[in-house]
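In: next come a sequence and a model predicted from it.
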There are 2 protein chains.
Amino acid sequence: MPPTPQERRAARHQLGAGPGAPAGRRGPSRGHKKPITVDAILDTAFGIVAEEGYEALTMRRVATALETGSSSLYAHVVNKEDLDELMIGRLCAEITLPTPDPARWRPQLIGVCTQLRDQYLRFPGISRAAFAAAPSALDILRVSEGMLAILLAGGVPPQAAAWAIDSLTLYVNAYSLEVSLAAKRQARAGDGWVVSRDELLTRFAALPDTFPETKRYAAELTAGTVDDRFEFTLNLMLDGLLR
Amino acid sequence: MPPTPQERRAARHQLGAGPGAPAGRRGPSRGHKKPITVDAILDTAFGIVAEEGYEALTMRRVATALETGSSSLYAHVVNKEDLDELMIGRLCAEITLPTPDPARWRPQLIGVCTQLRDQYLRFPGISRAAFAAAPSALDILRVSEGMLAILLAGGVPPQAAAWAIDSLTLYVNAYSLEVSLAAKRQARAGDGWVVSRDELLTRFAALPDTFPETKRYAAELTAGTVDDRFEFTLNLMLDGLLR
DNA sequence: GTGTTAATACGAGCGGTGTTCGTATGAGGT
DNA sequence: ACCTCATACGAACACCGCTCGTATTAACAC
């Protein structure tokens, strides 16, 4: 008996347990269609999210893209939650971790965070799933290990390094989620949402006098691209680590 | 004609426009039941989230708690997203902002962040809605203004202060969301999730040798309460601001 | 070559969601 | 007394995640 999806999931959480026998093909192949596999499910899932965003990712949507019924997916995946977790795992697996260089620990760490951000932004809204993903999955743990190695090589004390990893990944997740949501708002503009910087400036200018600082520093508040803010925050945390 | 909910929402986004006539009671009062108001909807919504978490907050759930049908809510609220926004607004409105004291800007700012966090954690999962809330809503802007005033009083340059507000609120949101999700996982424990610190330690100890640093510093990685990590990250960012 | 087994696929359906539409109710103004 | 119209609400639509029973068919034992 090949491993049921729940067993695969358990194996993914509790480490190891071996990859299990490949369980060479049995059952109907429907003649023409290629068989449904976890990888095929993940591929089409990523395709849907890349084109239409995470909220368009439903079991039925994946199933119809695979020309089957939604019930067929549950032979390969426990849940939607499980699917989310698998996607985050694959995303993390594609992060390349540098070999720690004590002299370049800051750009190295920023590089890893930027890779994570770019992966998240390629699939808008998927960082929502990253929040729920358990940090004990191996693919995620691998990224943590890489970041930890960089920080330690940079001379950051272990306790600070350990906690900083949490802070950094949490911020990257949150940043990616917010950017994705803002982009979605931008897409369906016109219903009274603020979009352009100019619009925000005039809005701030028209604020009542109970907002003196916001009015005075409206320029600073609306300055910079989202990328600027990302880098600023990362540097903020890294600066703090040196004390 | 009293303002339709969409008009109220627009008025909330574009500032001012006045509170509109109270539109004194018309139509059926069903004899016994008190009329449905936006405030009543918000009250019961907060009650549901406080007791059962954000994911239990559905239109039907609010409606039945109000002894009515879900369609009745849409006369007072545009949609669920609007309800979310109203809730975040009310949450922000209850934050008390200190008058800036240059000598105590750090504890003051941490105090505001902690208030936000506590509000979010009182209503588990609601920070998910905070991500989608537009920063142009007046109640949210009021908190930003307060934080900006504190930072400026502390001598932080305007540009850094402006961006730091974004970073801080984003982190507080993300932290609250993650803590809520972790608590939910804890609630339905037993399905292979890691819960206790001891469990995590033995898990790390059994890791393959491709995770050398994680194994070596397992103690540091699992140390501290969530509150410790919250304060650590806030101090990390505030330290970075002083350079 | 035949029969058995079991992995795979899948249609139908359950209970749930947000939201809309058409209609009934009944208080306020005339 | 009548009419107006904001309010309330039941029914229904389209969608969601997920389960159950069943049909298909490859691999194996004989």
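Out: Nice, I can see it.
In: ok now stretch A:139-150, how far from the chain's centre?
Out: Taking the mean C-alpha point of stretch A:139-150 and that of its whole chain, the gap between them comes to 15 Å (CA atoms, centre = their mean, to the nearest Å).
In: pLDDT on it, on average?
Out: Taken as a whole, stretch A:139-150 has an average pLDDT of 97.
In: CA atoms only for it, dumped as PDB, please.
Out: Taking only C-alpha atoms (Å, rounded to 0.1, in the frame of the first residue of the first chain), the coordinates of stretch A:139-150 have been written out as PDB:
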ATOM      1  CA  ASP A 139      12.400  23.100   3.300                       C
ATOM      2  CA  ILE A 140      11.700  26.000   5.500                       C
ATOM      3  CA  LEU A 141      14.200  24.900   8.100                       C
ATOM      4  CA  ARG A 142      16.800  24.800   5.400                       C
ATOM      5  CA  VAL A 143      16.400  28.500   4.700                       C
ATOM      6  CA  SER A 144      16.600  29.200   8.400                       C
ATOM      7  CA  GLU A 145      19.700  27.200   8.800                       C
ATOM      8  CA  GLY A 146      21.300  29.200   5.900                       C
ATOM      9  CA  MET A 147      20.400  32.500   7.500                       C
ATOM     10  CA  LEU A 148      21.600  31.400  10.900                       C
ATOM     11  CA  ALA A 149      24.900  30.400   9.400                       C
ATOM     12  CA  ILE A 150      25.300  33.800   7.800                       C
END
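In: that one and chain B, are they touching?
Out: Yes: on the criterion CB under 8 Å from any CB of the partner chain, stretch A:139-150 is in touch with chain B at A:141-142, A:144-145, A:148-149. Bear in mind the C-beta positions are built from the backbone N, C-alpha and C, glycine included.
In: again, but for stretch A:76-86
Out: No: when contact is scored as CB under 8 Å from any CB, no part of stretch A:76-86 falls within range of chain B; the minimum is 9.7 Å.
In: report whether that stretch contacts DNA strand D.
Out: Yes: applying CB under 7 Å from any atom of the strand, one finds that stretch A:76-86 is in contact with DNA strand D at A:79-81.
In: now that stretch - C-alpha only, CSV.
Out: Output in CSV follows, covering the C-alpha atoms of stretch A:76-86 (Å, rounded to 0.1, in the frame of the first residue of the first chain):
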residue,chain,number,x,y,z
HIS,A,76,-2.5,13.2,-3.6
VAL,A,77,-3.0,16.0,-1.2
VAL,A,78,-4.6,16.0,2.3
ASN,A,79,-6.1,19.4,2.3
LYS,A,80,-6.0,22.8,0.8
GLU,A,81,-3.9,23.6,3.8
ASP,A,82,-1.6,20.8,2.7
LEU,A,83,-1.4,22.1,-0.8
ASP,A,84,-0.5,25.5,0.6
GLU,A,85,2.3,24.0,2.7
LEU,A,86,3.6,22.1,-0.3
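In: what are the contacting residues of that stretch?
Out: Where contact means CB atoms under 8 Å, 6 or more residues apart in numbering or on different chains, the residues beyond stretch A:76-86 that reach it are A:5-6, A:9, A:12, A:36-38, A:41-42, A:45, A:58-59, A:62, A:73, A:126, A:129, A:132-134, A:137.
In: which of those come close to DNA strand D?
Out: Taking CB under 7 Å from any atom of the strand, the overlap between the contacts of stretch A:76-86 and the neighbourhood of DNA strand D is A:58-59.
In: selection in PyMOL covering whichever of the contacts of stretch A:76-86 are buried, please.
Out: Here the buried members of the contacts of stretch A:76-86 are turned into a PyMOL selection, burial being counted by 16 or more other CB atoms under 10 Å in any protein chain shown:
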select buried, chain A and resi 5+9+12+36+38+41+42+45+59+62+73+126+129+132+133+134+137
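In: restrict the contacts of stretch A:76-86 to those near chain B?
Out: Counting by CB under 8 Å from any CB, the members of these that reach chain B are A:9, A:132, A:134.
In: could these go into JSON lines alongside secondary structure and pLDDT?
Out: Written out in JSON lines, the entries for those read as follows (DSSP: H, G, I helix; E, B strand; the rest coil; pLDDT from 0 to 100):
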{"residue": "A:R9", "secondary structure": "helix", "pLDDT": "79"}
{"residue": "A:A132", "secondary structure": "helix", "pLDDT": "93"}
{"residue": "A:A134", "secondary structure": "coil", "pLDDT": "84"}
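In: and the residues you listed, which is closest to chain B?
Out: The shortest gap between chain B and any of these belongs to A:A132, at 5.5 Å (CB to the nearest CB).
In: spatially nearest residue to that closest one (excluding sequence neighbours)?
Out: The spatially closest residue to A:A132, leaving aside those adjacent along the chain, is B:L181, at 5.5 Å (CB to CB, 6 or more residues apart in numbering or on different chains).
In: give the helix, strand or coil label for that neighbour.
Out: Using DSSP: H, G, I helix; E, B strand; the rest coil, the secondary structure recorded for B:L181 is helix.
In: so what's it scoring on pLDDT?
Out: Reading off the per-residue confidence, B:L181 sits at a pLDDT of 94.
In: count the residues that sit near it.
Out: 20 (other CB atoms under 10 Å in any protein chain shown).
In: how close does it get to DNA strand D?
Out: Relative to DNA strand D, B:L181 is positioned 15 Å away (criterion: CB to the nearest atom of the strand, to the nearest Å).
In: the residue sitting furthest away from the middle of chain A: what secondary structure?
Out: No residue in chain A sits farther from the centre than A:D209, which is 40.1 Å out by CA atoms, centre = their mean. With three-state DSSP as the basis, A:D209 sits in coil.
In: now it: closest residue in space, sequence neighbours ignored.
Out: Taking CB to CB, 6+ apart, and ignoring the residues beside it in sequence, A:D209 has A:K215 as its nearest neighbour in space, at 7.9 Å.
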